[in-house]
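# Just to be clear, the model below is a prediction. Sequence and coordinates:
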Amino acid sequence: MLSSEFTNSWPARKLWVSPDGQPNYEYLRTKYGKCIVPALSADGYVYEEISLEKYLDDMENCTHKAKLYLKDWHFQSTAMHKPVYDLPLFLRFDWINQESWTSDVSNPFGGDYRFVYIGAKGQNSIVML
């Protein structure tokens, strides 16, 4: 597990998170709200694609949809116009994305393996446990 010290200098930490530690909903909606993102139900059985704006609205207002977990968003290929993070040195060699077929249409996973995950308090994925 990495401590937050590894991400303190990331633009994403400064832009995406409000001073009180909550998501900066206004910034995220303005900058990325029109992006279509993958969302998974809390039980892991229902998958849908919705706009980030709708996802954030539901999350902020604690509606029934807030049980959705944003999982496996290919942020860097759909929304990243300039870098918002910098990997620690020991994570910079991306051996998974070095495969010759990573960006090829034959890739069964539909692109690379860098993802953004967003969830309400208490939500997580097995990767984040």
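Looks like it arrived, so ask away.
# Helices of the protein, residue ranges please.
Shown for the chain, the helices assigned by DSSP state H span residues 11-16, 25-32, 52-61, 75-78.
# what comes into contact with the first one?
The set of residues that contact helix 11-16 without belonging to it, under Cβ atoms under 8 Å, 6 or more residues apart in numbering, is 7, 23, 24, 27, 28, 31, 83, 84, 85. To be clear about C-beta, it is placed using only N, CA and C from the backbone, and glycine gets the same treatment.
# what do you get for stretch 37-57?
If you take Cβ under 8 Å, 6+ apart as the criterion, stretch 37-57 is touched by 23, 25, 28-29, 32-36, 63, 65, 67-73, 118, 123.
# ChimeraX command for the buried members of the residues you listed?
Typed into ChimeraX, the line below selects the buried ones among the contacts of stretch 37-57, using 16 or more other Cβ atoms under 10 Å:
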select :23,25,28,29,32,33,35,65,67,68,69,70,71,72,73,118,123
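# Point out the ones among the contacts of stretch 37-57 that are inside strands.
Secondary structure assignment (DSSP state E) places 36, 69, 70, 71, 72, 73, 118 from the contacts of stretch 37-57 within strands.
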